[in-house]
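Asks: Got a sequence here, can you build the structure:
(4 chains)
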Number of protein chains: 4
Amino acid sequence: MESRIRVTVWNEYIDELTKPLAAECYPEGIHKYFEGFLSAAGYDVRTATLCMPEHGLTPEILESTDVLIWFGHVRHHEVSDTTISQIHRRVLDGMGLILLHSSHASKLMRKLLGTGCMLKFREDDQGEILWVVDPRHPIAEGVPEHIMIPHEEMYGEYFDIPKPDELVFIGWFAGGEVFRSGCCFHRGMGRIFYFQPGHEEYPVYHLEPIQRILINAVKWAAPSPNICKYVQMFHEPLVGRDKIHYEIPEMPDPETMRKLREGML
Amino acid sequence: MESRIRVTVWNEYIDELTKPLAAECYPEGIHKYFEGFLSAAGYDVRTATLCMPEHGLTPEILESTDVLIWFGHVRHHEVSDTTISQIHRRVLDGMGLILLHSSHASKLMRKLLGTGCMLKFREDDQGEILWVVDPRHPIAEGVPEHIMIPHEEMYGEYFDIPKPDELVFIGWFAGGEVFRSGCCFHRGMGRIFYFQPGHEEYPVYHLEPIQRILINAVKWAAPSPNICKYVQMFHEPLVGRDKIHYEIPEMPDPETMRKLREGML
Amino acid sequence: MESRIRVTVWNEYIDELTKPLAAECYPEGIHKYFEGFLSAAGYDVRTATLCMPEHGLTPEILESTDVLIWFGHVRHHEVSDTTISQIHRRVLDGMGLILLHSSHASKLMRKLLGTGCMLKFREDDQGEILWVVDPRHPIAEGVPEHIMIPHEEMYGEYFDIPKPDELVFIGWFAGGEVFRSGCCFHRGMGRIFYFQPGHEEYPVYHLEPIQRILINAVKWAAPSPNICKYVQMFHEPLVGRDKIHYEIPEMPDPETMRKLREGML
Amino acid sequence: MESRIRVTVWNEYIDELTKPLAAECYPEGIHKYFEGFLSAAGYDVRTATLCMPEHGLTPEILESTDVLIWFGHVRHHEVSDTTISQIHRRVLDGMGLILLHSSHASKLMRKLLGTGCMLKFREDDQGEILWVVDPRHPIAEGVPEHIMIPHEEMYGEYFDIPKPDELVFIGWFAGGEVFRSGCCFHRGMGRIFYFQPGHEEYPVYHLEPIQRILINAVKWAAPSPNICKYVQMFHEPLVGRDKIHYEIPEMPDPETMRKLREGML
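Replies: A predicted model of the protein is given here:
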């Protein structure tokens, strides 16, 4: 039996306690809402928030997390550098990471990507249309070619990120802007997906196709057991191994070659 | 039950009938050798060769192929343009394609990539070391960080291809050359993998890690059933749909929003 | 003195003769309009059209062209395969190519990129906003972060192209669509720029920032004299050169090394 | 008159003072050797070293530097975080950066790229052959298709970097390894080139084609005056500008359109 993907959903969890509209959309917090639909999709889900000790992300939790989902907003600076470093290390070692909405300004995204990750934004009550530009991508599987989001905060270009390794979605905003709304990055053994939709005052994550994208993204970002073993190899001490040169073995003799042909490797 | 991936292995099948060393390595032809280890890996495998009517690749065969493996060598020009066009169309529609070794000079690869795909080469009896440069890639899963190939034809840079969407392997040759030996390309809904090792006079495909790469590549290149349905959407006539503008729906009323929150989508 | 970049502007030149609005925008044809502002920018410009013998693109013309600009529309199929092959060859050898607007459906673009290059479209009289998403790119130099195009034909995603090597512009359309409007591709020694704006019935190419983009694109796509000589090397016959292995020279003796230090290479 | 590109060469400058072979290769330090051939190439060159106050890189120096060249080796940790942050900021604002050899392990490269940047290495006295795999790239202009480096420290894959935006060189090592030896990255408005050759105990930078690469890289990485002005725009406060929506102007009236046609923009 294949083991289930272990997801940890991290949420700043301030807005839902302080802003009426956010509380209305996510009465128990965005993290709990995610726990609901991701559990229903068959994932093994835990949650963590800013105010928990170590932000709810102890080394043990991180070690047993396949994919971390991150929703930060206005208190990015309150996340400790120690926790950020530990997450960063885990991503390079293969843990998947999904960065949501205003997490573009998090220490975590900046540390992983190296740029400022700034963008234009405007809070208004207009809509967004999300377009698929890489329909063959696993994160777009089963997703309609465009998704109507009735209300969304505007995020606009220029978005100061490295060139995405894969660009899956582009957002259209009623006010006249466009945005690279769904971007994949590969860093070390880890896969990272930045996804723009999700202003906390609108029920964006309630939309079924948005959930479909997130469910796909978890599956895409999860490390495979084989890859984990493989990564191990890269961590072994290099001493010794690199002292010798690689020697190409001799051509097998005819008998060996015959056996090779018979599949007797 | 998940249905098995349907693979068609196409082989020029001239060398094995005319060159003693090739015959020794692959007595029944490279296509049959592939059928062996790919069937053992759980795939549903058929074979086809240059000399069969329509080169063994009728529209019906192509339509029921998930991944096509292509080994061409010196008779690229004898493959009919009609067949090439049909394969090209199928790849854009989502069929996976694995191009082996000297297939770099095939009409098929050139038509899909648009460049000349030329390279340096030298037939000698020296070795190659194949290095993984994208260990997180699905095609590298379970593959050792380097593979010793005792004897291989040299293929060297400059290799006239578009920048690969993903570069998975780089080859080292004893004569002093390097080569981008494992390259992924995405074209339309299709995934393409070019793989350099496999000179027909050496038993390269007998090597277990080489088989592992090919088994992985088939899995990576295969279209998912969902994606197939999705592609359909892109083929629907555009008339009508594009006559109207996309209208963003109204903000849901409070009652609807409450229901949304309760998951009553 | 640096020699001037030699540009050939090719235009189908049917619309301007048959459609009143096109004739009003470009009374002498789009090619002549381009000749005007590109000559003013310091380029050496010639024009050619579909109806000229060999479509105005003889081998001699092509050979003396640094950058070819292409505006095709509804008669793509009337361009001879011979001419297409000759242009294709020249691009791989280093000639720059700028493909405008409806040239996405040209034989030329399809042959160079390998995909169908289809897209959504809708003729209406609404506007486009063109956004820079790679402000550091030479083609975006001096271009404002967004350009208002009062009226433009809608082109929408999914746009069936290979992943652009560089994505410079994304278009926003009033009807709700987005489009990868400025895409760079590298093929062989040639640089290719696809640029979406330019429906012939609106004076899009009259807009100053659009002209700035095109002037930049010519400069970006032009081959340098050094590169041309370099390409020559790749065309030399491989016979002989590849028969020998590359031998790494000995470590220089101390005296040689001293001379090396003194710059006496 | 075009102003000259201002280069600052930073060198750790410990090896040349402590290791006889390094001293023999670069009696005045690697930075001074670079100053020599880069000045001869027409650049305006200054140098700085680890032991200088603020490591020789005051904000004023950085502000007046177009391209920074960085040679760090074993004392990466002694570079202050303040200086690293200031350089990082300058690169995002458009300063070019060339990272040499063992600088892969510098705080600077890791902060800009986000990964560990580790690799295999082995000090031996064998050779490297450097191959061009992107001959059209400006950094490869005038560079032969391969360069023999008689002696070089081995650097081998897996090299833990993000996928390079452009891969220009691949290194072949006599011991059996390959390496992505010349990699371009774009971060913010800055261009970054990592270049592997240059072990301090061999006179690698004395080789003419290696100098050609470095001279090209400076030119490639330098910001253009226009781009600098452009960047300014992205730094302007967003307040206000984003409060309003982008309004597409009206279709020009016939008279305006006529004027447009006459170039009277």
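Asks: you'd agree A:Gly198 is up against A:Leu99?
Replies: No - at 10.6 Å, A:Gly198 does not count as touching A:Leu99 under the criterion of CB atoms under 8 Å. From N, CA and C alone the C-beta is placed, and that goes for glycine too.
Asks: Show me which of these two is the more surrounded one.
Replies: Between A:Gly198 and A:Leu99, A:Leu99 has the larger neighbour count (other CB atoms under 10 Å in any protein chain shown), namely 25 against 20.
Asks: What are the phi and psi values at the residue in the stretch 51-200 of chain A positioned nearest to chain B?
Replies: Among the residues of the stretch 51-200 of chain A, A:Gly127 lies closest to chain B, at 3.6 Å counting by CB to the nearest CB. The phi/psi pair for A:Gly127 (degrees, to the nearest 10) reads phi -100, psi 170.
Asks: So it sits against A:Ile147, correct?
Replies: No - look at A:Gly127 against A:Ile147 with CB under 8 Å: they stay out of range, at 10.6 Å.
Asks: And stretch A:63-83, what's buried?
Replies: Neighbour counts over stretch A:63-83 (16 or more other CB atoms under 10 Å in any protein chain shown) mark A:Thr65, A:Asp66, A:Val67, A:Leu68, A:Ile69, A:Trp70, A:Phe71, A:Gly72, A:His73, A:His76, A:Val79, A:Thr83 as buried.
Asks: Can you give me the end-to-end span of it?
Replies: Separation of the first and last residues of stretch A:63-83 by CA to CA, to the nearest Å is 13 Å.
Asks: ok, now stretch A:174-191?
Replies: First residue to last in stretch A:174-191 (CA to CA) measures 31 Å.
Asks: That one vs chain D: in contact?
Replies: Yes - for stretch A:174-191, a contact with chain D is found by CB under 8 Å from any CB of the partner chain, at A:Ala174, A:Gly175, A:Gly176, A:Glu177, A:Phe185, A:His186, A:Arg187, A:Gly188.
Asks: Could you restrict these to the ones contacting chain B?
Replies: A:Ala174, A:His186, A:Gly188.
Asks: Tell me which stretches of the stretch 1-150 of chain A form helices.
Replies: A:15-18, A:20-25, A:30-40, A:59-63, A:81-92, A:107-113 (DSSP state H, counting those that start in this stretch).
Asks: Can I get those helices in CSV including mean pLDDT?
Replies: Shown next, in CSV, are the helices of the stretch 1-150 of chain A (pLDDT from 0 to 100):
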stretch, mean pLDDT
helix A:15-18, 94
helix A:20-25, 93
helix A:30-40, 98
helix A:59-63, 97
helix A:81-92, 96
helix A:107-113, 97
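Asks: out of those, deepest packed?
Replies: Highest mean neighbour count among the helices of the stretch 1-150 of chain A (mean count of other CB atoms under 10 Å in any protein chain shown): helix A:107-113, with a mean of 22.
Asks: How far does it sit from its chain's centre?
Replies: Offset of helix A:107-113 from its chain centre (CA atoms, centre = their mean, to the nearest Å): 12 Å.
Asks: In PDB, list the C-alpha atoms belonging to that helix.
Replies: C-alpha atoms of helix A:107-113 as PDB (Å, rounded to 0.1, in the frame of the first residue of the first chain):
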ATOM      1  CA  LYS A 107      11.400  35.600   4.200                       C
ATOM      2  CA  LEU A 108      11.000  32.100   3.100                       C
ATOM      3  CA  MET A 109      10.200  32.800  -0.600                       C
ATOM      4  CA  ARG A 110      13.000  35.500  -0.700                       C
ATOM      5  CA  LYS A 111      15.500  33.100   0.800                       C
ATOM      6  CA  LEU A 112      14.700  30.400  -1.600                       C
ATOM      7  CA  LEU A 113      14.500  32.500  -4.800                       C
END
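Asks: Run through the strands of the stretch 51-200 of chain A in chain order.
Replies: A:67-71, A:96-100, A:120-122, A:128-132, A:146-149, A:154-156, A:166-173, A:178-187, A:190-195 (DSSP state E, counting those that start in this stretch).
Asks: Lowest average pLDDT across these?
Replies: Across the strands of the stretch 51-200 of chain A, strand A:120-122 has the smallest mean pLDDT, namely a mean of 88.
Asks: strands paired with that strand, and their directions?
Replies: Note on strand A:120-122: by DSSP bridges, its sheet partners are strand A:154-156 (antiparallel).
Asks: Identify the residues contacting the strand it pairs with?
Replies: A:104, A:119-124, A:126, A:128, A:171, A:173, A:175, A:177-179, A:181, A:196, C:131, D:242 (CB atoms under 8 Å, 6 or more residues apart in numbering or on different chains).
Asks: ok, 10 Å please
Replies: Identification of contacts with strand A:154-156 by CB atoms under 10 Å, 6 or more residues apart in numbering or on different chains yields A:101-102, A:104, A:119-124, A:126-128, A:171, A:173-181, A:196-197, A:199, C:131, C:145-146, C:172, D:238, D:242, D:245-246.
Asks: what's the angle from the longest helix seen in chain A to helix A:81-92?
Replies: When chain A is parsed with DSSP state H, its longest helix is helix A:208-221. On the basis of axes from the mean of the first three to the mean of the last three CA atoms, to 10 degrees, helix A:208-221 is oriented at 80 degrees to helix A:81-92.
Asks: how far does helix A:208-221 sit from the chain's center?
Replies: 10 Å.
Asks: Restricting to C-alpha, output it in PDB.
Replies: Included here for helix A:208-221 are C-alpha records, laid out as PDB according to Å, rounded to 0.1, in the frame of the first residue of the first chain:
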ATOM      1  CA  GLU A 208     -13.700  24.000  -6.700                       C
ATOM      2  CA  PRO A 209     -11.200  24.600  -9.600                       C
ATOM      3  CA  ILE A 210      -8.900  26.500  -7.200                       C
ATOM      4  CA  GLN A 211      -9.000  23.500  -4.900                       C
ATOM      5  CA  ARG A 212      -8.300  21.200  -7.800                       C
ATOM      6  CA  ILE A 213      -5.100  23.200  -8.500                       C
ATOM      7  CA  LEU A 214      -4.000  23.000  -4.900                       C
ATOM      8  CA  ILE A 215      -4.700  19.300  -4.700                       C
ATOM      9  CA  ASN A 216      -2.700  18.800  -7.900                       C
ATOM     10  CA  ALA A 217       0.100  21.000  -6.600                       C
ATOM     11  CA  VAL A 218       0.500  18.900  -3.500                       C
ATOM     12  CA  LYS A 219       0.800  15.800  -5.600                       C
ATOM     13  CA  TRP A 220       3.300  17.400  -7.900                       C
ATOM     14  CA  ALA A 221       5.400  18.800  -5.100                       C
END
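Asks: how about that helix, does it reach chain B?
Replies: Yes - judged by CB under 10 Å from any CB of the partner chain, helix A:208-221 and chain B are in contact via A:Glu208, A:Gln211, A:Asn216.
Asks: buried stuff in that helix?
Replies: In helix A:208-221, counting by 16+ other CB under 10 Å, buried: A:Ile210, A:Gln211, A:Arg212, A:Ile213, A:Leu214, A:Ile215, A:Asn216, A:Ala217, A:Val218, A:Lys219, A:Trp220, A:Ala221.
Asks: leaving aside the residues next to it on the chain, what's closest to the last one?
Replies: The shortest distance from A:Ala221 to any residue other than its chain neighbours is 2.6 Å, reached at A:Gly96 (CB to CB, 6 or more residues apart in numbering or on different chains).
Asks: Please name the bridge partners of the one you found.
Replies: A:Val67.
Asks: So what's the residue count around it?
Replies: Neighbours of A:Gly96 (other CB under 10 Å): 25.
Asks: list the contacts for it?
Replies: Contacts of A:Gly96 by CB under 10 Å, 6+ apart are A:5, A:7, A:65-69, A:90, A:189-193, A:217-223.
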